[in-house]
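Participant: requesting a structural model of the entry that follows:
(chains A, B, C and D)
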There are 2 protein chains.
Amino acid sequence: MKNNVKCSPRSYHLFFRNLANPVKISIISSLKEAPASVGELSKKLKIEQSKLSHALTNLKNCSIVNAKQKGKHRIYFLNKSTILPMLNLIDKHRCKFCPNKK
Amino acid sequence: MKNNVKCSPRSYHLFFRNLANPVKISIISSLKEAPASVGELSKKLKIEQSKLSHALTNLKNCSIVNAKQKGKHRIYFLNKSTILPMLNLIDKHRCKFCPNKK
DNA sequence: TTTTCATATGAAATATATTTCATATGTCTT
DNA sequence: AAGACATATGAAATATATTTCATATGAAAA
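Facilitator: Numbering: from 1, shown residues only, chains lettered A, B, ... in the order given. Just a heads-up that it's a prediction; the model follows:
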């Protein structure tokens, strides 16, 4: 059964805006491999803790990531169902239309 | 045959950044229906000409739109192959994960 | 070849987003 | 319940993107 409900332009804008940030893309790239706590991400990506925290809060508001508490750590994990196909679309797009840009 | 070439995080970032703008989303929404010149878009969307021109230049650099000259008008048209599936992903995402937000 | 209409461009002004840092909150351990 | 560790939050400082406006370029018509 196909879903035909369309978002408003504003919703599209908010969605893209939330992703248009290098820190968030790094987070997504890392969580694609495995879930991680803020501290682990901070160490791995060499990004300051509160910076990650701000970014993760935004991504969570959009349900691009989710979190579960585990002791004093909060483990973030990627909601892959939207973002992975989306990144694949970009991969293909760039192959087809922007082959010279890295 | 499946395509497995992956973009750099920076490429993803640039792609999303280019879309994270209400003017550009309006343009895309309009061109989804039909190609149009800058003047037509300006009239339809009530957006000032040079503003559109700046936005269209960016979208064109990313091959999200293309243009053909027709007399003194430049007709922009949407490269639907990437953006339409991407908007569909967002539609679905919001249905599933953010049903209460408009 | 001058005028007119259509679009593009550059740069300053403005708006918006990100970063930083001090501190608050929350969860365990003792 | 006090201390230690992990994460979140608010707000000012900073960085980045968008808008605006004056003007340039380009194409067609006169």
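Participant: gap between the spatially most central residue of chain A and residue B:59?
Facilitator: By Cα atoms, centre = their mean, the mean C-alpha position of chain A lies nearest to residue A:28, the distance being 3.9 Å. Taking Cβ to Cβ, to the nearest Å as the measure, residue A:28 falls 23 Å from residue B:59. Backbone N, C-alpha and C define where each C-beta goes, glycine included.
Participant: how about residue A:57?
Facilitator: From residue A:57 to residue B:59 the distance is 30 Å (Cβ to Cβ).
Participant: follow-up on the earlier one: what helices and strands are in contact with the helix or strand that the residue nearest to the centre of chain A is a member of?
Facilitator: Using DSSP states H and E, the element containing residue A:28 is helix A:22-33. Here helix A:22-33 touches helix A:9-19, helix A:38-45, helix A:49-61, strand A:65-70, strand A:73-78, helix A:80-97, helix B:9-19, going by 3 or more Cβ pairs under 8 Å, 6 or more residues apart in numbering or on different chains; DSSP states H and E.
Participant: now these as TSV including distance to DNA strand C, mean pLDDT and mean neighbour count?
Facilitator: Formatted as TSV, the helices and strands packed on helix A:22-33 follow (distance: least, Cβ to the nearest atom of the strand, whole Å; pLDDT from 0 to 100; neighbours: other Cβ atoms under 10 Å in any protein chain shown):
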stretch	distance to DNA strand C	mean pLDDT	mean neighbour count
helix A:9-19	5	95	20
helix A:38-45	11	98	16
helix A:49-61	3	97	16
strand A:65-70	6	97	14
strand A:73-78	8	98	17
helix A:80-97	16	93	18
helix B:9-19	9	95	20
